[in-house]
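Enquirer: coordinates only, no sequence provided:
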């Protein structure tokens, strides 16, 4: 198992180097071939290890030990995540790119709550989302339709600024993001997002109270929750600070992540 796991940092380093060198996989055939070949090699090594594990059956029971099954599932999980991260994003970008001179740059970032993917042109940040968000592709589609743009997997100045601010946020040093953003949504959704940006770091507010602050009845709390679910700027527009009465409420990226973010801000708010 240790031999297989040792390949992960090497594979991640090489893939990251190839992506940074080529910018856009679809425009560099040689890089694509090397990229796919490396994945095949890595998967082959992993499969050989799995076969060796499967051959190590208990001589009497003829079944895999608990430790062996744990290793198998752990390895499969790693392979699945690597394939998703390296193949899903280029595929989605190719799917929603338009034949346009307007370029929107997309770049993934590592974070304590998972892989974060952001999109920006030279003026605004349009998206900050976790890679496994259920709205991930919908956000890319909206950007594509609103801007009629082509997507390139590369970091620009806006994304460099976001990268620095994300690092400071997770280090507990940054309380408010300053990267320029632009949102796409209904007037009501934009009103909710603007109110969310006013919520102080380390604080929370209920859906009903935010509805009241907009001059709406508390019964509009569901509409407020729906607007939070449509938020395309995770962390930058802090929808995680909105909670239900008596509970943390929902979160499009998982309640466990919401709890982590709230705990993180509470820890660094003093």
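Expert: Structure's in. What do you need? Here the structure is a predicted model, which means the values were calculated and not measured.
Enquirer: what sits against residue 265?
Expert: 201-202, 241 (Cβ atoms under 8 Å, 6 or more residues apart in numbering). The way it works is simple: take the backbone N, C-alpha and C, and place the C-beta from them, glycine included.
Enquirer: just the buried ones from those residues, in PyMOL syntax?
Expert: Here is the PyMOL command that picks out the buried ones among these, judged by 16 or more other Cβ atoms under 10 Å:
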select buried, resi 241
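Enquirer: if I look at residue 126, how far off is residue 233?
Expert: 8 Å (Cβ to Cβ, to the nearest Å).
Enquirer: just name the closest of the contacts of residue 265 to residue 91, please.
Expert: Using Cβ to Cβ, residue 241 comes nearest to residue 91 of those, at 33.1 Å.
Enquirer: so who does that closest one touch?
Expert: Taking Cβ under 8 Å, 6+ apart, we find residue 241 in contact with 196, 199, 203-205, 262, 265.
Enquirer: restricted to strands, list the residues you listed.
Expert: Among the contacts of residue 241, the members found in strands (DSSP state E) are residue 205.
Enquirer: which among the contacts of residue 241 count as buried?
Expert: Buried members of the contacts of residue 241, scored by 16+ other Cβ under 10 Å, are 196, 199, 204-205, 262, 265.
Enquirer: redo the contacts of residue 265 as a markdown table? Include pLDDT and distance to residue 88.
Expert: Formatted as a markdown table, those follow (pLDDT from 0 to 100; distance: Cβ to Cβ, whole Å):
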| residue | pLDDT | distance to residue 88 |
| --- | --- | --- |
| 201 | 96 | 32 |
| 202 | 94 | 34 |
| 241 | 94 | 29 |
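Enquirer: and the contacts of residue 265, which is closest to residue 180?
Expert: Relative to residue 180, the closest of the contacts of residue 265 is residue 201; by Cβ to Cβ it sits at 19.3 Å.
Enquirer: which SS state does the closest one fall under?
Expert: Put simply, residue 201 is coil when judged by DSSP: H, G, I helix; E, B strand; the rest coil.
Enquirer: what is the neighbour count of residue 99?
Expert: 6 (other Cβ atoms under 10 Å).
Enquirer: which residues sit in contact with the closest residue to it other than its chain neighbours?
Expert: Closest residue in space to residue 99, ignoring its immediate chain neighbours: residue 150 at 7.1 Å, by Cβ to Cβ, 6 or more residues apart in numbering. Applying Cβ under 8 Å, 6+ apart to residue 150 gives the contacts 97-104.
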